[in-house]
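Undergrad: Here is a sequence together with a model predicted from it:
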Amino acid sequence: MINNFLYDGWELKYFDKAFNFRNYQLELVKKFIRGKVAEVGPGNGAFLKNYLTLADQIDLFEPSENFLINLNKFKDPKVNIVNKYFKKNKDYYDTILYLDVLEHIKDDKMEIKTAFESLNKGGALVINVPAFQHLYSEFDKDVDHCRRYSKKTLKSLTTNIDFTSTKLIYFDSIGYILSIASKLITKNYLNNFDKKIKIWDSLIPLSKIIDLLTLNRFGKSLIMICIK
């Protein structure tokens with residue numbers, strides 16, 4: 001369960017404009033998005049625009065009423081907005097998305113189990129989370145992140161859950177370097193926050209090159225894709 005039913009999400013107005021990052025994120029997961037899709041915690045629906053044409057049906061589970069006005073702007077008949085927490089819907093979905101959401105959920109292991117039971121056979125659970133607990137900062141605390149993840153800690157959530165395959169990928173090496181620098185140097189991360197996000201997003205093409213050269217050994221973000 002997400003910690004705050006009225007989650008403010010003040011940071012989303014900045015990150016929703018990070019188009020290079022969102023496009024990179026889509027490149028890594030788009031082949032797993034198909035059929036009946038559930039996105040848990042879509043916020044303002046920034047990522048929905050990227051995969052709308054890939055899905056046949058989309059259920060958006062957004063418990064925070066703060067985002068409903070923006071979500072209701074999506075008039076596509078295949079989009080269904082559910083102002084509730086995600087609940088088990090046995091063997092129903094082909095894809096379930098948690099994009100920068102799981103870190104907000106206290107009982108993340110139970111959330112994974114609920115998602116598994118809601119997937120069709122061969123369905124994909126796609127999770128994007130902030131990587132590396134040593135990057136945990138005042139920003140994470142302010143936006144209600146319970147934790148950040150490594151491959152080991154994220155994969156541990158699938159222990160005793162019968163996925164047929166699991167793949168984990170670090171990405172955004174430049175974001176990792178900038179996060180380290182910000183934590184060591186910046187006294188108030190909110191100073192010129194909008195400008196910092198724009199600079200980071202402008203460097204995503206470079207991040208993609210470094211990720212390729214370093215074989216995705218590190219990054220600011222971590223994706224896990226689990227197939228049932």
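TA: Structure's in. What do you need? Numbering: from 1, shown residues only.
Undergrad: biggest strand in the protein by residues?
TA: strand 119-130 (DSSP state E).
Undergrad: Outside of it itself, which residues are in contact with it?
TA: Residues from elsewhere that reach strand 119-130 (CB atoms under 8 Å, 6 or more residues apart in numbering): 25, 29, 32-33, 35-36, 91-100, 102-103, 112, 115-116, 140, 145, 148-149, 154, 163, 220-228. Just so you know, the C-beta spots here come from the backbone N, C-alpha and C atoms, and that holds for glycine as well.
Undergrad: Check which helix or strand Gly175 maps to.
TA: helix 173-185 (DSSP states H and E).
Undergrad: got the buried residues for that helix?
TA: The neighbour-count check on helix 173-185 (16 or more other CB atoms under 10 Å) flags 173-179, 182 as buried.
Undergrad: From these, pick the one nearest Phe61.
TA: Nearest to Phe61, judged by CB to CB, of these is Gly175 at 26.8 Å.
Undergrad: Give me the distance between the two termini of stretch 156-163.
TA: Its start and end residues considered, stretch 156-163 measures 12 Å (CA to CA, to the nearest Å).
Undergrad: State the pLDDT value of the spatially closest residue to Ile112 that is not a sequence neighbour.
TA: Nearest residue to Ile112 in three dimensions, chain neighbours excluded: Leu157, at 4.7 Å (CB to CB, 6 or more residues apart in numbering). You'll see Leu157 listed with a pLDDT of 97.
Undergrad: Then Ile2?
TA: So Ile2 comes in at 48 (pLDDT).
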